[in-house]
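>>> any chance you can model this:
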Amino acid sequence: MVNFVRVDDIFTVYPEVFVHPVNCVGVSKDILSRQVKKAWPDYFREYTRATIRKKLQPGAPLWHEVGELFGTRFVVALPLKFHWQEKMRPDVAREGFAALIEELCSKHVMSAAIPLFEGPPEGWIEREILKQIEGRLSCSLETVYLFNTVSV
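Residues are numbered from 1 along each chain as shown. Below is the predicted model of the structure:
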């Protein structure tokens, strides 16, 4: 059973995986992206290189191993749209979450942090995660931290 915990400041908890919703062109001037760039500059360089080389596709997460002994192990760029001006499409978001959950389960991740991003209706993230985990025999995901990006 997955526990969904809402937190005000995501940088006060240390999940194993931090999910960063992004676009595929590398343009992001939101508060969350500035905080992520400051906290994990190596991840942000890798994300930027992937956008320049056109390696990112909507719905296909980019995993970056942080390499810390304790705390966050991975930062995941989750491209939910190609261009920052586009609206998020539900099919792309569903595909991205399916790939994310598949990898979370295969890496035996116990906790993840996911921002409540603009687009899907209230409770969509929780329902999608539960739907993706349902029926899996080996998924160790226990806690999902949800947070508002405006409070970061």
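
>>> quick check, central residue of the protein?
In the chain, the residue lying closest to the centroid (C-alpha atoms, centre = their mean) is Val19, at 2.0 Å.

>>> tell me how far it lies from Gly135.
22 Å (C-beta to C-beta, to the nearest Å). No exception for glycine: its C-beta is placed from N, CA and C like everyone else's.

>>> what comes into contact with the helix or strand the residue nearest to the centre of the chain falls within?
With secondary structure defined by DSSP states H and E, Val19 is part of strand 17-23. Here strand 17-23 makes contact (C-beta atoms under 8 Å, 6 or more residues apart in numbering) with 10, 28, 32-33, 36, 40, 43, 47, 56, 72-84, 86, 100, 104, 109, 111-115, 117.

>>> got it, and stretch 31-43?
If you take C-beta under 8 Å, 6+ apart as the criterion, stretch 31-43 is touched by 11, 18, 20, 22, 44, 64, 66, 72, 75, 77, 115, 149-150, 152.

>>> can you list those in CSV and add pLDDT, secondary structure and neighbour count?
CSV is the format used below for the contacts of stretch 31-43 (pLDDT from 0 to 100; DSSP: H, G, I helix; E, B strand; the rest coil; neighbours: other C-beta atoms under 10 Å):
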residue, pLDDT, secondary structure, neighbour count
Phe11, 87, helix, 15
Phe18, 96, strand, 27
His20, 94, strand, 25
Val22, 92, strand, 26
Phe44, 93, helix, 21
His64, 96, strand, 21
Val66, 92, coil, 17
Thr72, 91, coil, 20
Val75, 96, strand, 23
Ala77, 95, strand, 23
Pro115, 91, strand, 22
Thr149, 70, helix, 16
Val150, 53, helix, 11
Val152, 38, coil, 17
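
>>> with these in mind, which one is nearest to Phe4?
Using C-beta to C-beta, Pro115 comes nearest to Phe4 of the contacts of stretch 31-43, at 13.1 Å.

>>> flag the shaky bits of the chain, pLDDT-wise.
Counting by pLDDT under 70, the ranges of the chain that qualify are 69, 150-152.

>>> by residue count, tell me the biggest helix in it.
helix 90-106 (DSSP state H).

>>> now it against strand 17-23, angle please.
Per axes from the mean of the first three to the mean of the last three C-alpha atoms, to 10 degrees, the angle that helix 90-106 makes with strand 17-23 is 160 degrees.

>>> helix 90-106 - contacts with which helices or strands?
Helices and strands touching helix 90-106, by 3 or more C-beta pairs under 8 Å, 6 or more residues apart in numbering; DSSP states H and E, are strand 74-81, helix 124-133.
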